[in-house]
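# take this sequence and fold it.
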Amino acid sequence: MKSATIQLETLTCPSCMQKIEGAVKTVAGVDKDSVNVAFNSSRVRLNFDAEQTSIDQIVEAITKVGYEVKKSRVK
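Next comes the predicted model:
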């Protein structure tokens with residue numbers, strides 16, 4: 001498993017958090033229990049299986065629901 005932190009442009013409401021969390025959880029290989037969207041810092045933290053998905057696919061899921069990603073980091 002790899003860990004990722006994704007910095008979003010901004011989050012404006014709690015329903016935005018739910019949309020992003022839902023989109024990320026649909027990506028195959030994402031550990032659904034690890035997904036954490038932080039409203040105050042506009043960050044998404046999660047774990048994923050790099051053999052099943054990539055950070056690019058996770059970022060794409062976020063942008064498809066209408067949110068801009070500033071940067072992402074994988075450990």
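# contacting residues for Asp49?
1-2, 29-31 (C-beta atoms under 8 Å, 6 or more residues apart in numbering). All C-beta spots, glycine's among them, are computed from the backbone N, C-alpha and C.
# er, Leu46 actually
Counting by C-beta under 8 Å, 6+ apart, the residues that Leu46 touches are 3-4, 6, 24, 30-31, 34-36, 58.
# need the residues that contact the longest helix seen in the chain.
Longest helix in the chain, counting residues (DSSP state H): helix 14-25. The contact list for helix 14-25, computed with C-beta under 8 Å, 6+ apart, reads 8, 11, 30, 32, 35, 37, 39, 44, 46, 58, 61-62, 64-67.
# top of the contacts of Asp49 by neighbour count?
With neighbours defined as other C-beta atoms under 10 Å, the most crowded of the contacts of Asp49 is Val30; it has 21 neighbours.
# if we can go back for a sec, dump the contacts of Asp49 to a markdown table, plus distance to Ser15 and pLDDT.
Formatted as a markdown table, the contacts of Asp49 follow (distance: C-beta to C-beta, whole Å; pLDDT from 0 to 100):
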| residue | distance to Ser15 | pLDDT |
| --- | --- | --- |
| Met1 | 29 | 94 |
| Lys2 | 28 | 97 |
| Gly29 | 26 | 98 |
| Val30 | 20 | 98 |
| Asp31 | 23 | 98 |
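# could you turn the buried ones of the contacts of helix 14-25 into a ChimeraX selection?
To isolate the buried ones among those in ChimeraX, judged by 16 or more other C-beta atoms under 10 Å, type:
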select :8,11,30,35,37,44,46,58,61,62,67
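# which stretches of this protein form strands?
For the chain, the strands defined by DSSP state E occupy 2-8, 36-38, 43-48, 69-74.
# any idea how far Thr12 is from Gly29?
To Thr12, Gly29 is 29 Å away according to C-beta to C-beta, to the nearest Å.
# which strand residues bridge Thr5?
Arg45, Arg73 (DSSP bridges).
# could you count how many residues lie near it?
Neighbours of Thr5 (other C-beta under 10 Å): 17.
# pretty sure it sits against Arg45.
Yes. Counting by C-beta atoms under 8 Å, Arg45 is a contact partner of Thr5 at 5.3 Å.
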